[in-house]
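In: Below: sequence and its predicted model.
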Amino acid sequence: MKRFLPVLAVAALIAVPAATARPSAPPTLEAGKLIVAFGDPAPGFASGTVRGSTVTNPRGYEVDLAAAVARKLGVTPVWMYSPWTGLFAPGTKKFDIAFQEATITAQRKKTVDFTTSYLNANQGVLLSKTAPVPHSLADLKNMQLCAQANTTGLDWINTQLHPAKKALVYPTTTAAYQSVQINRCQAMILDVPLVSLEKKSAPTKFGNTVL
């Protein structure tokens with residue numbers, strides 16, 4: 001299937017200088033610590049056990065990358081959970097850096113600073129087990145779609161595809177994945193690496209993944 005909307009997926013970097021930090025110390029919120037935020041579990045990138053605002057036993061590429069950054073700075077990484085819906089909200093953040101797959105847009109640049117991107121990603125389609133495989137955008141347009149709130153996938157659905165049925169919108173990727181698993185949503189639109197790895201981590205819970 002043809003690729004949909006090209007997106008640029010990156011980890012967002014939000015640096016909030018601590019007013020009391022010594023000039024020779026890294027400008028982190030807490031001396032000797034690098035508070036690192038992750039969003040909803042993303043297999044391969046960052047996953048762990050989320051309890052409230054904490055993340056325990058995190059693992060994945062972005063966890064390793066964050067740990068390497070902390071070592072380079074000579075500080076200890078501290079893991080926390082930050083929901084996607086609050087990542088781009090104006091105001092002071094509760095973390096030093098956040099690793100979440102986020103498309104760089106002019107609007108988002110108003111509230112966060114992005115690092116140089118390390119991953120380019122197009123939009124992919126994760127199907128439920130009962131959904132027919134779409135062979136064209138016309139096929140996709142007639143399916144019950146879903147997406148996570150405030151994502152470029154949802155924006156593409158609403159501004160480019162204009163589906164026959166209103167797309168279902170969920171606050172988290174976890175909720176959207178569950179909707180696909182129970183066949184309430186036939187096709188979820190999200191970045192290719194995320195839907196591919198989710199399908200790989202639970203192959204019997206989903207239908208085909210269309211890239």
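Out: Perfect, thanks for sending it.
In: now the spatially most central residue of the chain: how far from residue 195?
Out: Computing the C-alpha centroid of the chain and ranking residues by Cα atoms, centre = their mean puts residue 101 first, at 3.9 Å. For residue 101, the distance to residue 195 equals 11 Å [Cβ to Cβ, to the nearest Å]. Where C-beta positions appear, they are placed from N, C-alpha and C, glycine not excepted.
In: got a list of what the nearest residue to residue 199 once chain neighbours are set aside touches?
Out: In this structure, residue 199 finds its nearest non-sequential neighbour in residue 209, 4.5 Å apart by Cβ to Cβ, 6 or more residues apart in numbering. Contact analysis of residue 209 by Cβ atoms under 8 Å, 6 or more residues apart in numbering lists 124, 125, 126, 127, 195, 196, 199.
In: Quick one, grab the pLDDT at residue 209.
Out: Per-residue pLDDT puts residue 209 at 82.
In: same deal with residue 162?
Out: Taking residue 162 on its own, its pLDDT is 97.
In: again, but for residue 74
Out: Reported pLDDT for residue 74: 95.
In: Next: the one 3 residues further on.
Out: Residue 77 is assigned 96 on the pLDDT scale.
In: Measure how buried residue 126 is and give me the count.
Out: 27 (other Cβ atoms under 10 Å).
In: And for it, nearest residue in space, chain neighbours not counted?
Out: residue 195 (4.0 Å).
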